Every structure is written in structure tokens, then in C-alpha cells.
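Asker: Predicted model and sequence below, questions to follow.
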Amino acid sequence: MSSEHSDSDSNDSGSEASQDQSEDSEAAPEAAPQSHDVQEEKEANSTSATGRPSAHTYPIVLPSLPYRCDDDEYNALVEKAYKAIGLLSRISDLAGAKIDLHLEASLFSTAAAGATRPVNPLEDFELCVPFTRKHTNGQHFVPSGPCKATRLGLTTYGVDGLASFPHVLYQNAHGEHVWVLETCKKVCVKAMLVNKKHPNHIVTERHVLDLFNSTLPEGNTPLRSLSFEMRLLFAHTDDYGANVVPVGVGDKTFEKPLSNGCYPPLTQLLEPPEYLRTVDDDALKLTAAYRRVMNEGSVAFPFKARGSCTSNLAIPKHSKFIVRVSPVDPRLRHLTADSEPFLISSKFLSNSNEEGEGGRKRLERGEVYYQPFDGRGVPVKVHVRKRTCVQKNQHGKDGEGRGEY
């Protein structure tokens with residue numbers, strides 16, 4: 001009896017166990033996938049109390065990539081690297097690879113997923129080479145009169161910084177405004193430091209120097225001044241995208257040679273001459289007239305274009321020019337600035353041949369027009385008188401001499 005009872009109990013318990021197992025097996029297909037996904041996600045996203053990634057992540061530690069003030073190529077590669085970091089982080093999230101991108105301490109405050117480009121402490125500042133656009137009363141010059149042109153103020157003053165750049169603004173047959181520089185007349189190129197975010201604020205070289213020197217690594221020689229050099233270049237570019245360099249001797253880019261008559265001859269487009277040969281290595285070097293130190297946020301280069309240095313005699317014909325002002329120190333080469341393109345002419349002649357204009361084609365000396373104060377109506381013609389200059393006579397008294405625009 002007892003054995004039979006025990007057997008029946010065991011059979012009952014076995015049947016109950018098998019029934020429970022069958023019920024569990026029926027419920028398993030629904031619960032198992034959910035439990036597996038949740039567990040995998042928790043493991044993949046879990047970190048220890050120390051903040052280290054779990055064993056299911058792939059840690060990548062990247063070195064510090066500081067910005068360099070004197071290496072544009074390096075900085076461009078750093079920028080690409082940080083963009084790649086952000087892209088890799090996004091791909092890992094989408095693919096579920098869970099790559100832990102960890103950056104060492106660097107000069108930038110940035111995270112792997114939201115990496116930004118390195119910050120240049122001088123990126124808010126730039127150099128500009130402005131044209132003379134306004135009369136001394138503050139009104140803008142406008143082309144007008146029979147020649148549809150205007151002179152831009154003073155051209156023959158002997159004081160540095162007063163001569164206009166360029167000399168003439170005219171309107172061509174297509175209605176476009178064209179700037180013209182005339183040869184053998186003094187012109188003054190003036191380059192200025194400006195703040196791109198606050199254009200009305202005055203920027204001095206001392207402020208830029210302090211910022212630059214504060215980022216120099218230990219052992220590097222700090223800058224004490226900002227020196228700039230000026231060059232005249234063609235506005236059109238070569239196959240490599242660089243502005244073409246005018247050549248006046250040898251394989252020249254003008255119909256006539258342009259040199260100062262020395263031997264061996266050197267290309268000299270301007271007066272005073274731009275280049276000289278050094279004694280040591282016979283290399284070309286810019287003369288002091290075109291390499292100057294900035295003072296109070298600006299630097300000026302007075303000069304004249306030589307008679308044969310014209311757009312009409314250039315190869316190709318009617319080529320335009322630019323003036324480029326760049327820092328002497330290569331670490332600041334991002335402060336390089338180009339002027340707007342302009343033509344060079346021996347004398348400005350208008351393209352107007354209408355009989356109603358009396359056949360007049362030449363812009364007179366001192367023929368200046370500016371926009372009226374109300375901004376509407378006919379441009380105002382300035383009544384220019386011949387300039388008088390004070391000179392010492394033989395008796396030490398002041399006498400008056402006559403000069404012209």
C-alpha cells in the first residue's frame with residue numbers, strides 16, 4: 001500500500017512538473033527575446049562606478065591635438081580629424097558597435113560626438129586694403145559728367161598717406177564701375193587691421209601681437225612688431241590658382257621691358273624699384289619702400305607705376321591688377337589681404353564718343369563728382385582750385401607756389 005501510494009504521488013508530482021515545464025516552454029518564446037535585448041542593451045551601455053566602459057564597448061583614446069599659429073596645413077588636418085571623430089561616433093551609434101571615443105585633455109573644450117574646429121585666437125582679425133571711396137566731406141565718389149567718371153581726390157601731394165588709391169572711377173558701356181590707376185602719378189596703398197565682428201572698433205598691432213605671443217609655445221621667439229610687404233600682381237590666376245606674377249625682363253608679360261636699367265636687369269614695375277640683389281647669394285629681395293612696420297593699426301606704401309606698366313601693354317591685353325599686402329613673418333600669413341582688381345593706364349580716356357558731349361574723351365584734372373547729401377538727384381561736381389604749397393624763399397620768408405591735382 002505504501003509503495004503504491006508513493007508511486008502514485010511521484011507520478012502525480014511528475015505530471016505536475018511536466019505540466020509546469022510545458023507551460024513555461026509555451027511562455028518562453030514571448031518573454032525570452034525581450035529579456036535578451038534588454039540584457040544586451042544594459043550590458044552595452046553599462047559603465048562601472050569609476051566611469052570606465054564595460055567589457056562590451058571598444059575604447060579608443062585619442063591624443064591631444066592643439067592648434068598651431070604657424071602651421072595652416074597641420075590645422076587643416078586637425079579640423080578634418082575632429083570631423084571624422086564626430087562621424088565615427090554617429091556611425092557607431094547607428095551600427096550598435098558602441099565605440100567609446102575618449103579624448104585626452106587638449107587646448108579645446110570639445111566632446112567626441114560634438115567635436116568643433118580648433119579656435120584661432122586671431123581669427124576675428126583681418127587685414128584690408130581699401131580703395132578711396134569718399135570725398136573729404138564724407139560723401140561717396142560717383143562717376144558722372146561727360147566722361148561718366150570721377151577722380152578720387154588728390155594724386156600729386158608729396159606727403160605720405162594723402163595720395164588716393166587708385167586715381168579714377170568710371171562707368172563702362174555695360175554700366176559696371178571700373179577702377180583705374182594712372183602711371184607716373186603718386187598713389188598710396190594703405191592696409192589696416194580690422195575686427196570682423198566689430199568693424200567700427202579700432203584695432204592696433206599691439207593688441208594682435210599680445211594675442212599672438214600668448215599662444216606661442218615655450219622657447220619660441222615672440223614678435224615685437226608687425227612688418228608687412230606689398231606686391232603688385234595680376235588679378236588673373238595661373239593653372240594652380242595663384243595670381244600671376246608680372247614679369248618685365250626675359251620671358252616678360254608686357255609688350256615692352258620693365259626694368260630700372262641695371263645689369264643684370266631686374267623686373268621693376270614701380271618707382272621706387274621693388275627689388276635688389278643681395279650680395280651673399282644673389283637672391284632677390286624687396287626694398288625697404290615695400291617692407292614697412294605697422295603703426296597704430298595701419299601701414300602705408302606710397303609709390304608710382306612705371307610708364308610701360310599698363311593694362312594695354314600687358315600680356316594678355318587689358319589685364320587687371322591687384323595689390324597684395326602680406327605679413328613678413330610666415331606665422332601670420334593668414335593676415336594677407338588683396339585689393340579689388342583695377343586697370344592701369346598712362347592717361348584715363350573715356351569710351352564716350354557721343355557728339356552731344358563735344359567729342360571730349362579725357363577726364364580733366366580735378367574733375368571730381370560725389371553723391372549729393374540726400375542720396376538722390378544729379379551728382380555734385382566739386383569746384384577744385386589749384387593747390388597752393390608753402391615754400392621757403394631765399395630770404396627765409398614764406399612764399400606761395402602753385403601745384404595741381
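Answerer: Looks like it came in fine. Residues are numbered from 1 along each chain as shown.

Asker: Pro273 versus Ala305, what's the distance?
Answerer: Distance of Ala305 to Pro273, computed by CB to CB, to the nearest Å: 12 Å. To be clear about C-beta, it is placed using only N, CA and C from the backbone, and glycine gets the same treatment.

Asker: typo on my end, it should be Ala289
Answerer: Distance, Ala289 to Pro273, using CB to CB: 8 Å.

Asker: which of the two has more neighbours?
Answerer: Higher neighbour count among Ala289 and Pro273: Pro273, with 20 against 15, using other CB atoms under 10 Å.

Asker: Spatially nearest residue to that one (excluding sequence neighbours)?
Answerer: For Pro273, ignoring the flanking residues on the chain, the nearest one in space by CB to CB, 6 or more residues apart in numbering is Asn260 at 4.8 Å.

Asker: dump the residue contacts of the one you found.
Answerer: With contact taken as CB atoms under 8 Å, 6 or more residues apart in numbering, Asn260 is in contact with Leu266, Gln268, Pro273.

Asker: low-scoring pLDDT stretches of the stretch 201-350 of the chain, where are they?
Answerer: Along the stretch 201-350 of the chain, the model assigns pLDDT under 70 to residues 280-282.

Asker: Kindly recompute the last result at 90.
Answerer: Within the stretch 201-350 of the chain, the set of residues satisfying pLDDT under 90 comprises 201-203, 211-222, 239-240, 250-251, 260-266, 276-285, 330-334, 347-350.

Asker: That one: strands as residue ranges?
Answerer: Ranges of strands in the stretch 201-350 of the chain, per DSSP state E, counting those that start in this stretch, are 227-234, 270-271, 275-277, 284-286, 291-293, 298-305, 321-327, 337-338, 343-345.

Asker: Thr150 is nearest to which of those?
Answerer: Among the strands of the stretch 201-350 of the chain, strand 343-345 comes nearest to Thr150, with 15.1 Å by CB to CB.

Asker: neighbours of the nearest residue to Asn213 once chain neighbours are set aside, just the number please.
Answerer: Among residues not flanking Asn213 along the chain, Pro222 sits closest, at 4.1 Å (CB to CB, 6+ apart). Residues near Pro222, counting by other CB under 10 Å, number 10.

Asker: Spit out the contact partners of Pro222.
Answerer: Pro222 is in contact with Leu209, Asn213, Leu216, counting by CB under 8 Å, 6+ apart.

Asker: now swap in Pro273 and tell me
Answerer: Pro273 is in contact with Asn260, Leu266, Thr287, counting by CB under 8 Å, 6+ apart.

Asker: and which of those residues is nearest Cys128?
Answerer: Using CB to CB, the contacts of Pro273 come closest to Cys128 at Thr287, 24.2 Å.

Asker: from memory that closest one sits against Leu270, does it?
Answerer: No - using CB atoms under 8 Å, Thr287 is not in contact with Leu270, being 9.7 Å away.

Asker: higher neighbour count, the two?
Answerer: Between Thr287 and Leu270, counted using other CB under 10 Å, Leu270 has the larger neighbour count: 23 against 14.

Asker: That one - nearest residue in space that isn't next to it in sequence?
Answerer: The shortest distance from Leu270 to any non-neighbouring residue, by CB to CB, 6+ apart, is to Phe303 (4.7 Å).

Asker: ok, that neighbour - how many residues close by?
Answerer: For Phe303, using other CB under 10 Å, the count is 21.

Asker: Also the one 5 residues further on?
Answerer: Here the count is done by other CB under 10 Å, and Ser308 has 18 residues near it.

Asker: Distance-wise, check the nearest residue to it once chain neighbours are set aside relative to Asn243.
Answerer: Nearest residue to Ser308 in three dimensions, chain neighbours excluded: Lys256, at 4.4 Å (CB to CB, 6+ apart). Taking CB to CB as the measure, Lys256 falls 22 Å from Asn243.

Asker: Neighbour count for those two, which is higher?
Answerer: Asn243 (16 against 12).

Asker: Quickly list what that one is bridged to.
Answerer: Note on Asn243: beta-bridge partners by DSSP bridges are Thr237.

Asker: isn't it right up against Arg231?
Answerer: No - if you go by CB under 8 Å, Asn243 and Arg231 don't touch, sitting 9.2 Å apart.

Asker: Pull up the overlap in contacts between those two.
Answerer: Common contact partners of Asn243 and Arg231 (CB under 8 Å, 6+ apart): Arg324.

Asker: Ala305: neighbouring residues, count only.
Answerer: Neighbour count of Ala305, defined by other CB under 10 Å: 23.

Asker: Might one say that it is in contact with Cys184?
Answerer: Yes - with contact defined as CB under 8 Å, Ala305 and Cys184 form a contacting pair (7.3 Å).

Asker: how about the helices in the stretch 151-300 of the chain?
Answerer: Assigned by DSSP state H, counting those that start in this stretch, the helices in the stretch 151-300 of the chain fall at 205-214.
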